[in-house]
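Visitor: Sequence first, predicted coordinates after that:
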Amino acid sequence: MSRPLYRGFTGSSGRLSTGSGIGDSFNKSYQLKDFSEIGFGHELLNPFGTSKSRRSLTLGLLKLGVAGVIFLALLGLLFWVLCISTSSQAILYRGYRRLQEQLVADLSVVGELSLGIGKLKELEFCPSDYENYVPCYFNISESSNPAELDGKIDQYERSCVHRSAKEQGCLVLPPKNYKIPLRWPTGRDFIWKYNVKITGQELSSGSLTKRMMVEEEQLSFHSDSLMVDGVEDYSHQIAEMIGLRNESNFNEAGVRTVLDIGCGFGSFGAHLFAKHLLTMCIANYEGSGSQVQLTLERGLPAMVGSFATKQLPYPNLSFDMVHCARCGIEWERNDGIFVLEVDRLLRPGGYFVWTSLTNTHRSLHNKENQKRWTLIRDFTESICWDLLSQQDETIIWKKTSKKKCYSSRKSVSPICDRSLDMKSLYYQPLNPCIGGTTSQRWIPIEDRRPWPSQVMLSSAELSLHGVQPEEFFEDSLNWELSVQNYWSLLSPLIFSDHPKRPGDEDPSPPYNMLRNVLDMNARFGGFNAALLEAGKSVWVMNVVPVTSHNSLPLIFDRGFIGVQHDWCEAFPTYPRTYDMVHAQGLLSIHKHHGCSVLDVFLEIDRILRPEGWIIIQDAAPLIEAIRTAIPQLKWDARVTEISGNKDDRLLVCQKPFFKKQIQ
C-alpha cells in the first residue's frame, strides 16, 4: 500500500491534532549567580604575590584582544555582505519582495477573516421565501406576466452587485419536505418533487422538452415515458441529418461538447451523456418550473444564462454543437447579433441545430414566418454557414472550417479585431462581428482527436495556451494522487456510523457518492480529469476566477465544460445544486477580490446541497484563520496536514441537513 497522504484529523471544532501524546510543557529558568559568589568581586590571595597593577594590565590586554577579534569578525561580515549585494542584489531583492508581498497578502486575508468573525456571530436562517434565492436575478418579479415581458430581453439580464456577509447575512434553508437527491444514475430518471419549486402549470405542459410523469412524491423521467422515447427519436433524426448512422457516431464526427439553449428539463443532454457527449444547459431565470433547477436536480450540467445583451461567459470556439429546441429566441432580431454569438461559441465545422414550430413547411405559408425565415437564411449564408438539412421542425447548419470563406463571401458583419479575440469575455456586451477567426485555436472539429484521447493535450496543443508540457503533466500526476486520497479521506467520514473491525481496511465509498461537482479554481481542469480517470461518475463545473489567468480555453479543448466567474458575485445557479465544492489555492488569490472571504463562503453554503462536501486546500495560516469562522456557518469541519507539504493544510467540511423552518 502507498503511504497515506493525509494525517492528523481534528474534531468538529477544527483544532489540529499533533498526535504527539504530550499534554503539557514545562519551562526551565536559570539564574545567574552574583559575581561575588564566583570570586570576581574580591581580591584573592595569590601565592606568587601578583600585584593589582599586573592583574589590571592582564585584564586590559584580554579585553583588547576580544575587541580585536570582534572587529575582525565584523569587518569580514561586512566584506561578505558587500560581495553578495554586488553580485546578486537584484535576485535577493526580488526574492525578498516576493516573500514580503506573500506575507502581506496572507496577513491581510488573515486579518480580514479575524475582523469578519464578528459579523458572522449574528448569522441566522433566511426566511422561507429565500428557498430558491438567485441573487443576480432576484430583481425579476416572479409574478410578472409573461406577456408583459415579451420583447423585453433586458428583463432576463443578470444584475450582480457585491454583497457583504452583513448585507445578506443568512443561510438559505431547504424547502419543508426536502429530501436528499437519489444517487446517480437513479436520480437522472426520478427526483423528489418537493425539492424543486414547480406548479401545476409546468406539470401540465405538453411540449416535447418539458413533459414529465408525476407520481406520488416523485417526478419521473424514466425511459418508459413518452418524453424520453421522443428524445431518442429526435437525437437519431439529428444524427441522420448530419450524415451519421445514429447518435452513437457523434463522437466520431468530432462532437463532444454541446450547448443546449432552453433545455427543457435536460432530457436531451441526459440522453447524449450515454453517448459520451457533455451538454451544458442554459436557460433564463425562472421563479418556478426552472429548467436549470430541475436539470441540476437530475445530476446534469446547467446554469442560468440568456441571449440578451451580454456575451455568455465562455471563450471563443468552445462548443462542437449549439442546440435550440423551441428555446424562444428570435434569431432574426437585432441584425442577427444572437446568431453571431452562436457563431462565436461554435468551433470551426460545428453544428447549429434549431427546432421550432415556425420552421415547418405549413408555417412558412404565413408571410410573417416566411419573411423571418428568409432573413435568417440569408444572414447565416453571409457568415459562412452551410445549410445541411431541413426536416419537419428541425434545421441544421454547419459552420465553415475554412477562413478564406469570409473573404470570398460578402458578409453584412465584419471580422472582429484581434484584440477582441484576445480579450476576456466575462459578460462583455454582444459584438456585431464574426469572432474567433484570428485565434490559434481555429481547428476544425473533424481534425480534433475524439473523446477521450483529447483529455491529454499534446505539446503542440499546450503551446497554443502558453503551457509547458512538464508543468501540465506534473499537474495531472499530482491530481491523480490527490483524488485517490480525497476518497480515502472521505470514506471513514461517510461510514463513521459503521465502524470497521480491527484489521479490516477502510470501506470504499460508493462510486456514485457525488454527481454535481464545482471546482472554484480549476486552473487546467486537472481535478476534473483525475476524477474521470479514477472512474467517478461525475461531471465538473470548472470555474476560472476572473482575477487569475484565463485557462478556460484549455479546459474546453480538453473536452470539459466551465465558466469564468467573479467570486464576489453570486454563481448563476439555484440553491442546493452541487454535491461538492472544491477549491485549491482560492484563498491565496482572493487578495485580488473586492469582497470578504466570508461572502464567498456564504455563497458556497447557498449552492451546496444539505450533506454536501467542501474541500479546501490552501496555505496553513489562511486555513487556520478561516477554520475559526466555520462553526458560525454551522458546517462540520476537520483540518488535516498534508504529508510532504508543511506549508498547506486541507479543510474538509460537510453542510448539515437542517429541517427546521423559520416561522
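Guide: Nice, I can see it. The structure presented is a predicted model; accordingly, all values stated were derived computationally and were not measured.

Visitor: residues in contact with Ser439?
Guide: 316-317, 421 (CB atoms under 8 Å, 6 or more residues apart in numbering). The C-beta positions use only the backbone N, C-alpha and C, and glycine is treated the same way.

Visitor: Now Thr400: closest residue in space that isn't a chain neighbour?
Guide: Excluding the flanking residues, the one nearest Thr400 by CB to CB, 6 or more residues apart in numbering is Cys384, at 3.8 Å.

Visitor: same deal with Ile395?
Guide: Leaving aside its sequence neighbours, Ile395 sits nearest to Trp354 (CB to CB, 6+ apart; 5.1 Å).

Visitor: What degree of burial does the residue nearest to Thr400 show, as a neighbour count?
Guide: Using other CB atoms under 10 Å, Cys384 has 23 other residues around it.

Visitor: And the pLDDT for it?
Guide: pLDDT for Cys384: 95.

Visitor: With the one 3 residues further on instead?
Guide: Per-residue confidence (pLDDT) for Leu387: 97.

Visitor: Would you double-check that it falls in a helix?
Guide: No - Leu387 is assigned strand when assessed by DSSP: H, G, I helix; E, B strand; the rest coil, not a helix.

Visitor: Isn't it up against Thr380?
Guide: Yes - under the criterion of CB atoms under 8 Å, Leu387 makes contact with Thr380 at 7.1 Å.

Visitor: who touches both of the two?
Guide: Trp397.

Visitor: any weak-confidence spans in this structure?
Guide: 1-63, 65-66, 68-122, 138-156, 162-168, 200-215, 222-229, 492-512, 591-593, 660-663 (pLDDT under 70).

Visitor: by contact count, what packs against the strand or helix carrying Ala460?
Guide: Ala460 belongs to helix 459-464 when elements are defined using DSSP states H and E. Here helix 459-464 touches helix 469-494, going by 3 or more CB pairs under 8 Å, 6 or more residues apart in numbering; DSSP states H and E.

Visitor: helices and strands around the helix it packs on, which ones?
Guide: Packing partners of helix 469-494 (3+ CB pairs under 8 Å, 6+ apart): strand 6-7, helix 459-464, helix 526-533, strand 645-654.

Visitor: for the stretch 501-650 of the chain, what spans make up the strands?
Guide: In chain order, the stretch 501-650 of the chain shows strands spanning 516-519, 539-545, 562-565, 578-584, 608-619, 636-642, 645-654, with DSSP state E, counting those that start in this stretch as the criterion.

Visitor: Those strands: which one's closest to Gln428?
Guide: strand 562-565 (10.6 Å; CB to CB).

Visitor: In the stretch 351-500 of the chain, mark out all the helices, start to finish.
Guide: 367-382, 405-408, 418-422, 459-464, 469-494 (DSSP state H, counting those that start in this stretch).

Visitor: Need the ones you listed in CSV (columns: mean neighbour count and distance to Gly264).
Guide: Converted to CSV, the helices of the stretch 351-500 of the chain look like this (neighbours: other CB atoms under 10 Å; distance: least, CB to CB, whole Å):
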stretch, mean neighbour count, distance to Gly264
helix 367-382, 15, 22
helix 405-408, 13, 34
helix 418-422, 14, 33
helix 459-464, 15, 35
helix 469-494, 16, 33
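
Visitor: which one of those helices lies closest to Asn195?
Guide: For the helices of the stretch 351-500 of the chain, distance to Asn195 was read as CB to CB. The smallest value, 21.3 Å, belongs to helix 469-494.

Visitor: ok, how many other residues are close to the closest residue to Ser382 other than its chain neighbours?
Guide: Spatial nearest neighbour of Ser382, excluding adjacent residues (CB to CB, 6+ apart): Ser411 at 4.5 Å. Here the number of neighbours of Ser411 (other CB under 10 Å) works out to 16.

Visitor: Need phi/psi at Ser411.
Guide: For Ser411, the backbone dihedrals are phi -110, psi 140 (criterion: degrees, to the nearest 10).

Visitor: That one and Ile383 touch, don't they?
Guide: Yes - using CB under 8 Å, Ser411 is in contact with Ile383, at 5.8 Å.

Visitor: between those two, what contacts are shared?
Guide: By CB under 8 Å, 6+ apart, Ser411 and Ile383 have these common neighbours: Ile434.

Visitor: Nearest to Thr257, out of the strands of the stretch 501-650 of the chain?
Guide: Closest among these, using CB to CB: strand 562-565, at 10.3 Å.

Visitor: Show me what the closest one is packed up against.
Guide: Judged by 3+ CB pairs under 8 Å, 6+ apart, the packing partners of strand 562-565 are strand 539-545, helix 552-557.

Visitor: residues near Asn645, how many?
Guide: Asn645, neighbours per other CB under 10 Å, totals 12.
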